[in-house]
Each structure stands twice: as C-alpha cells, then as structure tokens.
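Peer 1: Generate a structure from the sequence data that follows.
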Amino acid sequence: MTAENTTAGSGDEFVPRTVLVTGGNRGIGRSIAEAYREQGHRVCVTYRSGEAPEGFFAVQADVTDSASVDQAFTQIEAEYGPVEILVANAGVTRDTLLLRMKEEDFTDVVDTNLTGAYRVVQRAAKGFLRKKFGRVVLISSIVGLYGSPGQINYAASKAGLVGIARSLSRELGSRNITANVVAPGFIDTDMTAVLPEETQAKYLDAIPAHRFGRPEEVARAVRWVTSDEAAYITGAVIPVDGGVGMGH
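Peer 2: You can find the predicted model right below:
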C-alpha cells in the first residue's frame, strides 16, 4: 500500500484506526465515513435522528447532551477501543436575518455546532492521552471565515471551531495529538440542490472553480489531514471551496 493510503503508521505500513464521525448518517458526514471505511479503518458514526446508516457501527447520540455523548463513546470503546480519529461534523442551521433572529435561534445553533464539538473533543481526549495518539478534524464552513447575511448564528459557531482547534493544538500537541479545521464552501448536497436556479447561478459566479464541490472532495481532505503525510500539520484551516474564500 502506498504512503498516500497510510494513516498514522510507519513508512508504508497501513495502520487501521478507530474513527468516529459525528453526524455521519448523511451528506458530507456520510462521505467522510465512507472515505475512511474504503481505506480499511474501523468507522463509527453518530446520528441524532432518522435511520442508522448501513455498514457502520452507528450510535444514536445528541451532541447537545453530555450524557448522550458519553454513552456513545462508551459503546464505541466497548466495541473497538478508544476513538483515535475524531471528525466533529454534526451541525444545524437556523438561518434568518439578525433583526428577525430569536435568541434561541442563536443559542441552539451555537450549542450544537460549537459546544457540541467541545463535548465530543473533550470526551475523545481521554482516549487520545491513553493511546498517546489522536487526530481531530472540526468541520467548519467558509461562512465562518467569510460571513454570510442571515447566518450570524451559524457563522459564529463555525468561526469558533478555529479557536478550539488552535487551543487544543497548543494544549495537547506534544502528546502526538493534532487538531485541524476543514472549511467546505458550496458543496453539491441536498441543501444546495433545492436552491433556486438564480441563486445557484449567483453562487457559481463567485466561485473561481465555477462549480460546486463534491462531498467526496471534502472527505478526501479530511482523511488526508489525519494521515501520516499530515502529521506535522496542526491548528490549520484547510478550505475546500473552489477558491471562493481565498484570503480569509
């Protein structure tokens, strides 16, 4: 197996890891989970509602509830041992302009997207320290860096993930633990598919690549930044956005 396909092994030796993707039952999260599974890792996903995705060790969990998060990790640890690679992907949106935004619209989004990431990272860190190894990827958004009208709550929550990654890097970087942020731009998902054609055209005009990204392109960036090839990268923000947010 080539070095490109190794993850935290030595040389060209592939080392399968226990991977957890929160919100891994659909969209970008599902693509990330599939990318790790294709490589031969032990992939676990959490999902809050709907059906568990087939082919993964799936645990129902709510990242806004610390007890639920702890229970999910306990189930995963009983099956596969400590989580070694954590992808904090679970998130929600409640878009509306500032003057119409209710306080709970703000706090609920922040509690899921930002505080939820804190909860899963804190719980995973216990296993990282025992293993003397850990990889964290926080799924942000170009909106967190670039801003977007009607998304003050979402942008704030996604910008905050950068602070988590960089502070975690400084706290635990000497323990062979890295923390990075992947910031997708406009990705071809169910969310973008329902946009009016006029809105899609407006977005495309703003993207230098002049196309929407694919979920698997985000997944490959996530997988790479947890590989041996990226072992010296931590506290970084990696945009997967076709150039729309360059310079931010």
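
Peer 1: where exactly do the helices run in the chain?
Peer 2: 27-39, 66-80, 103-110, 116-131, 142-146, 152-172, 190-193, 197-206, 215-225 (DSSP state H).

Peer 1: And the contacts of the second one?
Peer 2: The contact list for helix 66-80, computed with Cβ atoms under 8 Å, 6 or more residues apart in numbering, reads 18, 20, 42, 44, 46, 57, 59-63, 83, 119-120, 123-124, 127. Where C-beta positions appear, they are placed from N, C-alpha and C, glycine not excepted.

Peer 1: List the neighbouring strands of the longest strand belonging to the chain plus their orientation.
Peer 2: Ordering each strand of the chain by length in residues (DSSP state E) puts strand 177-184 first. Using DSSP bridges, strand 177-184 pairs in its sheet with strand 134-139 (parallel), strand 237-240 (parallel).

Peer 1: Can you tell me which of those strands is most buried?
Peer 2: strand 134-139 (a mean of 27; mean count of other Cβ atoms under 10 Å).

Peer 1: Export it to CSV, keeping only CA atoms.
Peer 2: The C-alpha trace of strand 134-139 is given here as CSV (Å, rounded to 0.1, in the frame of the first residue of the first chain):
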residue,chain,number,x,y,z
GLY,A,134,-5.1,11.5,18.4
ARG,A,135,-6.4,13.2,15.3
VAL,A,136,-9.2,15.8,15.4
VAL,A,137,-10.9,17.4,12.4
LEU,A,138,-13.5,20.0,13.0
ILE,A,139,-15.9,20.6,10.1
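
Peer 1: can you list the residues that contact it?
Peer 2: So strand 134-139 is contacted by 8, 17, 28-29, 32, 84-89, 91, 117, 121, 124-125, 127-128, 161, 164-165, 168, 172, 175-182, 184, 218, 222, 225-226 (Cβ under 8 Å, 6+ apart).
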